[in-house]
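Undergrad: What shape does this take:
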Amino acid sequence: MFTSDDINARIKDRPFVPLRIIISGGQTFDVYHPDLLMIGRRALIVGRASTEDPAQFEQVTRLAIMHIIGLEDLPIPALPSGNGQT
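TA: Sure thing, here's the model as predicted:
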């Protein structure tokens, strides 16, 4: 069983590693930016990233922390190659 302190410690790791939250019903939530999570004592608010700005949310889901059964690392998205010039 996870606690709010466990989740808080995980998202404060630097560098941030994207994660998948797994809940007891089997549903998963992928988080690619730490600003999309808000941690309470008994609940976790998970934001779904906006297409315009991945650090802002379009929709949120509230999860009971007692139903979180897993936190898995996700691959870090690859940065575009090249020097940024076109």
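Undergrad: Leaving out chain neighbours, which residue sits closest to the residue nearest the centre of the chain?
TA: Residue closest to the average C-alpha location in the chain (C-alpha atoms, centre = their mean): residue 31, at 2.6 Å. Nearest residue to residue 31, sequence neighbours excluded (C-beta to C-beta, 6 or more residues apart in numbering): residue 19, at 5.4 Å. Quick note: C-beta positions are derived from backbone N, CA and C, even for glycine.
Undergrad: and after the helix or strand encompassing residue 9, which helix or strand comes next?
TA: Taking DSSP states H and E as the definition, residue 9 sits inside helix 4-12. Where DSSP H and E defines the elements, the next helix or strand beyond helix 4-12 is strand 19-23.
Undergrad: For that next one, output the C-alpha coordinates as PDB.
TA: Taking Å, rounded to 0.1, in the frame of the first residue of the first chain, the C-alpha atoms of strand 19-23 are listed here in PDB:
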ATOM      1  CA  LEU A  19       5.300   7.300 -14.200                       C
ATOM      2  CA  ARG A  20       2.300   5.100 -14.500                       C
ATOM      3  CA  ILE A  21      -0.100   5.000 -11.600                       C
ATOM      4  CA  ILE A  22      -2.000   1.700 -11.400                       C
ATOM      5  CA  ILE A  23      -5.200   1.500  -9.300                       C
END
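Undergrad: Return the list of strands paired to that strand, each annotated with direction.
TA: Strand 19-23 sits in its sheet next to strand 28-31 (antiparallel), strand 68-73 (antiparallel), going by DSSP bridges.
Undergrad: got the contact list for that strand?
TA: Applying C-beta atoms under 8 Å, 6 or more residues apart in numbering, the contact partners of strand 19-23 are 10-11, 28-31, 44, 46, 63, 67-74.
Undergrad: let's go with 6 Å and repeat that
TA: Strand 19-23 has contacts (C-beta atoms under 6 Å, 6 or more residues apart in numbering) with 28, 29, 30, 31, 63, 67, 68, 69, 70, 71, 72, 74.
Undergrad: now stretch 33-47
TA: For stretch 33-47, using C-beta under 6 Å, 6+ apart, the contacting residues are 4, 7-8, 11, 16, 29, 31, 54-55, 57, 60-65.
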